[in-house]
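Novice: Next comes the sequence, and after it the predicted model I'd like to discuss.
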Amino acid sequence: MRSLVYCSVVAGFAAQKAASYCPLPSDATSPLYAMYRDNKMDMAQKMLGLPDAWLRCLGAIDVNAIAGTILASAYSQPTCLAALSFATAWSDTVQTEAKRLDSPTGSSSVALNDWPVVTNTAVQSTCVSVINALIPCLGAAIVPPLVDQVKANPCCAGAVANVTTMLGMPLDTFVLKLLNYTTDIVCATQFPGFNGATNQTCGFSWFQAFTSTQPAGNAAQLVERLLTSLQIPNDQGCAAAQGNPFVTTAGVPIAQLFSKPIVPDACVKPVDNLWRWLRVIPSLATASWNNMRPLDALEDGKCFNVSDITPRGGVCVHLTNGGFHSCPFVTAWSSAVFPGEGTKFAVASPTSTLKTSGIAGLVTFGMVVAAW
């Protein structure tokens, strides 16, 4: 009888230990062990230097189970089927254009008139699909079940708490707000538009502003514009956005970044909203990489010196923000995702209408807009 009791107690302790054990990806009991064994996870760990709590969360996650849950959730949402069709068509278009530009006749010196034609109608169509299909799918069927699966795993409690502290808000809230702010950069409406148009999307405005070169099709000027746009102090942003003279972070005077009258003007406001929102993320205050502080790229009077990681000397990156409150814009804008907030900004406002919409990176000119 005593043997039976003893065995039961031992078995109970063993079961409790097994239930509370959180494996690292390198442990054979981890669902990710196969990936680790193939050096895929090992490389990621070395590069990112993830905290132990994050690694144990990763080590305890069953990727296949989560994928199954997300797929089942996505298939139950009509918006996800529409989003899949849109994403497939967009991917095919991007791959086709990439192959064309990589061809012998589409080298790095390709003229701008060889680029895909981007019209305001095309941008509007993309925004409709993104806002009405893609992001409702992400917001209802992808992000919630993914985050819920992670939160439900006891091995992820520490990682979830850590991420919430770093971001200053729950991960799902951060993701949805990020998608909203980035979407507005492209899908917000500017009025009036260029050449007598009643209005236009800010995505179209940005694309035209960057690619309207003198002479037409000057790829070198586009590259120079992109580099210069990454070196604008906060007190010079208004002048730069309106095509007026300004001074870069390196003290270099610039006659104009954009050629009047094709300038972004008020469309700089959605970009400003994104940068100012990211600027108050708690983790940025202490984040550093190779003695470089990313927050320096946003704060007043500072910049992010990249001379150690790029052969181009004298580049000190700064994403201009916060200096547009008194800028005399000649155009106006309205938000695509924050109703009633087109002319104001509230940091992480809990009362803001939060649509599950975003992902400006899905438009072909996202890289151009990201320069701001």
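Specialist: Thanks, I have it.

Novice: So Val223 versus Tyr181, what's the distance?
Specialist: Relative to Tyr181, Val223 is positioned 26 Å away (C-beta to C-beta, to the nearest Å). From N, CA and C alone the C-beta is placed, and that goes for glycine too.

Novice: between these two, which one's more packed in?
Specialist: With neighbours defined as other C-beta atoms under 10 Å, Val223 and Tyr181 compare such that Tyr181 has more, 23 against 11.

Novice: which strands and helices sit next to the strand or helix carrying that one?
Specialist: Applying DSSP states H and E as the criterion places Tyr181 in helix 171-187. Helices and strands touching helix 171-187, by 3 or more C-beta pairs under 8 Å, 6 or more residues apart in numbering; DSSP states H and E, are helix 120-129, helix 143-152, helix 157-167, helix 202-211, helix 268-279, helix 366-369.

Novice: Return that helix as PDB; C-alpha atoms alone will do.
Specialist: The C-alpha trace of helix 171-187 is given here as PDB (Å, rounded to 0.1, in the frame of the first residue of the first chain):
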ATOM      1  CA  LEU A 171       0.600  43.400 -28.800                       C
ATOM      2  CA  ASP A 172      -2.700  43.100 -30.700                       C
ATOM      3  CA  THR A 173      -3.500  46.800 -30.000                       C
ATOM      4  CA  PHE A 174       0.000  47.800 -31.200                       C
ATOM      5  CA  VAL A 175      -0.300  45.800 -34.400                       C
ATOM      6  CA  LEU A 176      -3.800  47.200 -35.300                       C
ATOM      7  CA  LYS A 177      -2.700  50.800 -34.600                       C
ATOM      8  CA  LEU A 178       0.400  50.400 -36.600                       C
ATOM      9  CA  LEU A 179      -1.600  49.100 -39.500                       C
ATOM     10  CA  ASN A 180      -4.000  52.000 -39.200                       C
ATOM     11  CA  TYR A 181      -1.300  54.700 -39.200                       C
ATOM     12  CA  THR A 182       0.600  53.100 -42.100                       C
ATOM     13  CA  THR A 183      -2.500  52.800 -44.100                       C
ATOM     14  CA  ASP A 184      -3.300  56.400 -43.700                       C
ATOM     15  CA  ILE A 185       0.000  57.400 -45.300                       C
ATOM     16  CA  VAL A 186      -1.200  56.000 -48.600                       C
ATOM     17  CA  CYS A 187      -5.000  56.000 -48.400                       C
END
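
Novice: And it, how far out from the chain middle?
Specialist: Relative to its parent chain, helix 171-187 has a centroid offset of 8 Å by C-alpha atoms, centre = their mean, to the nearest Å.

Novice: Can you point out the buried residues in it?
Specialist: Buried positions in helix 171-187, judged by neighbour count with 16 or more other C-beta atoms under 10 Å: 171-187.

Novice: quick one, that helix and helix 268-279 angle?
Specialist: 160 degrees (axes from the mean of the first three to the mean of the last three C-alpha atoms, to 10 degrees).
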